[in-house]
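Chemist: what's the 3D shape of this:
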Amino acid sequence: MGKRGVGGRLCKPGQFASSTKSLIITLPSPSWIATLLLSQKLLSNDSSIENLLKATPVAKSVKIVMASRLASIAITLDMETIQVSQLCIDAYTVKQSILQTPKIKLKEQQVKVLNPRKLEVFPQANKDKLHFELHRLKNKLPSVVVKGITTVQRAVVNKEQERDCKSDVKGETYELLVEGTGLLAVMGIDGVDGRNTKSNHIMEVQQRLGIEAAMISIIDEINYTMSSHGMTIDLRHMVLLADLMTYKGEVLGITRHGVQKMKDSVLMLASFEKTTDHLFNASVNGRDDKIEGVRECIITGIPMQIGTGMFKLRQCVQQVELNYQSEPMLS
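Modeler: Sure thing, here's the model as predicted:
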């Protein structure tokens, strides 16, 4: 049982783990996104903050106790480690965390606090299933969150050397790299500078900070990805792409679903994907197409209204009289 994120987390089966406020965490990544990262500056440059972020075992043992009439799981906390790490965790805190975990499904009378450092968990099952229930609880209890951000598993604190140009004095700054989601929870942690917090989860940035912040995140991610491969792109191109993806008030991808929301032209949608479906639906519903876009003009053979095609030029030419002469005779 332990904390994920700001708090405690179980490092080994049968041990509680805990780290403290300041978030050194790695959030579990959704299966549909390869890697989600949160990057934030720490306000304090004290080197002891790294110790506060480490996952620390806070339980001496989690074991099954068999008696003549009762069977339970005894959990003993390591109070010395908890005090050294300055964690506000005791048996009552662990009890509340166990009861609030939906996967455990325990009632209050099944968790008994013996003293501030020890508690017992009693399974509710008949004699035939008691053995399996005990082992089920023993396997589930290590995953119980005691404190902190539930979506957090681990993080990395990065130290950077900074030099003042005027005084030529070196200083250390701490940067916290977190894998996963939970932007608002990270920004609210004591010791984290919320003004210098970034996330590459564009959809979460839109939900939490707004569409303008999502647009800036798109530009930053494109620039970071291309520069990592040694490629330089004009900033105006990235701004144009980010603006195209966000001008509707939501983040839209350059996919079949995003393009459908970006454009209303039937021919433009038909030129991308699902041609027959778009044409059939448009004919059934009697939709009109103004033929204003580039793709629509190409399909219908009309000059595109872009660039030199945005206006028409006429030149006034005077008629020139042509004087025809007889053809030369060849001898």
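
Chemist: Pull out the buried positions in stretch 238-254.
Modeler: Neighbour counts over stretch 238-254 (16 or more other CB atoms under 10 Å) mark 238, 241-242, 245-246, 251-252 as buried. Placement of C-beta: from N, CA and C, glycine included.

Chemist: what do you get for stretch 125-136?
Modeler: Under the neighbour-count rule (16+ other CB under 10 Å), stretch 125-136 has 133-134 buried.

Chemist: what do you get for stretch 108-120?
Modeler: Within stretch 108-120, the residues that qualify as buried by neighbour count (16+ other CB under 10 Å) are 110-111, 117-120.

Chemist: before we move on, the earlier item: residue 307: which of the buried residues of stretch 238-254 is nearest?
Modeler: residue 241 (19.4 Å; CB to CB).

Chemist: Dump stretch 122-135 to PDB, restricted to CA.
Modeler: Provided in PDB are the C-alpha atoms of stretch 122-135 (Å, rounded to 0.1, in the frame of the first residue of the first chain):
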ATOM      1  CA  PHE A 122     -10.500  -8.600   8.400                       C
ATOM      2  CA  PRO A 123     -11.900 -10.200   5.200                       C
ATOM      3  CA  GLN A 124     -15.600 -10.900   4.900                       C
ATOM      4  CA  ALA A 125     -15.900 -14.400   3.400                       C
ATOM      5  CA  ASN A 126     -17.000 -17.800   4.400                       C
ATOM      6  CA  LYS A 127     -14.600 -20.600   5.300                       C
ATOM      7  CA  ASP A 128     -14.400 -22.000   1.800                       C
ATOM      8  CA  LYS A 129     -13.300 -18.700   0.300                       C
ATOM      9  CA  LEU A 130     -11.400 -17.200   3.200                       C
ATOM     10  CA  HIS A 131      -7.900 -18.400   2.000                       C
ATOM     11  CA  PHE A 132      -8.500 -16.800  -1.400                       C
ATOM     12  CA  GLU A 133      -9.900 -13.600   0.100                       C
ATOM     13  CA  LEU A 134      -6.800 -13.200   2.300                       C
ATOM     14  CA  HIS A 135      -4.500 -13.400  -0.600                       C
END
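
Chemist: Just the residues contacting it, thanks.
Modeler: For stretch 122-135, the surrounding residues in contact (CB atoms under 8 Å, 6 or more residues apart in numbering) are 64, 70-73, 106-107, 110-112, 136-137.

Chemist: now, which of those residues lie within strands?
Modeler: Among these, the subset assigned to strands under DSSP state E consists of 64, 71-73, 111-112.

Chemist: Assign a three-state SS to residue 119, would you?
Modeler: The local conformation at residue 119, judged by DSSP: H, G, I helix; E, B strand; the rest coil, is strand.

Chemist: right, and it touches residue 96 too?
Modeler: No - when contacts are counted by CB atoms under 8 Å, residue 119 is not listed as touching residue 96 (10.9 Å).

Chemist: can you put the ones in strands among the contacts of stretch 122-135 in JSON lines and add pLDDT and distance to residue 205?
Modeler: Shown next, in JSON lines, are the ones in strands among the contacts of stretch 122-135 (pLDDT from 0 to 100; distance: CB to CB, whole Å):
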{"residue": "64", "pLDDT": "88", "distance to residue 205": "46"}
{"residue": "71", "pLDDT": "88", "distance to residue 205": "49"}
{"residue": "72", "pLDDT": "88", "distance to residue 205": "46"}
{"residue": "73", "pLDDT": "90", "distance to residue 205": "42"}
{"residue": "111", "pLDDT": "90", "distance to residue 205": "39"}
{"residue": "112", "pLDDT": "90", "distance to residue 205": "45"}
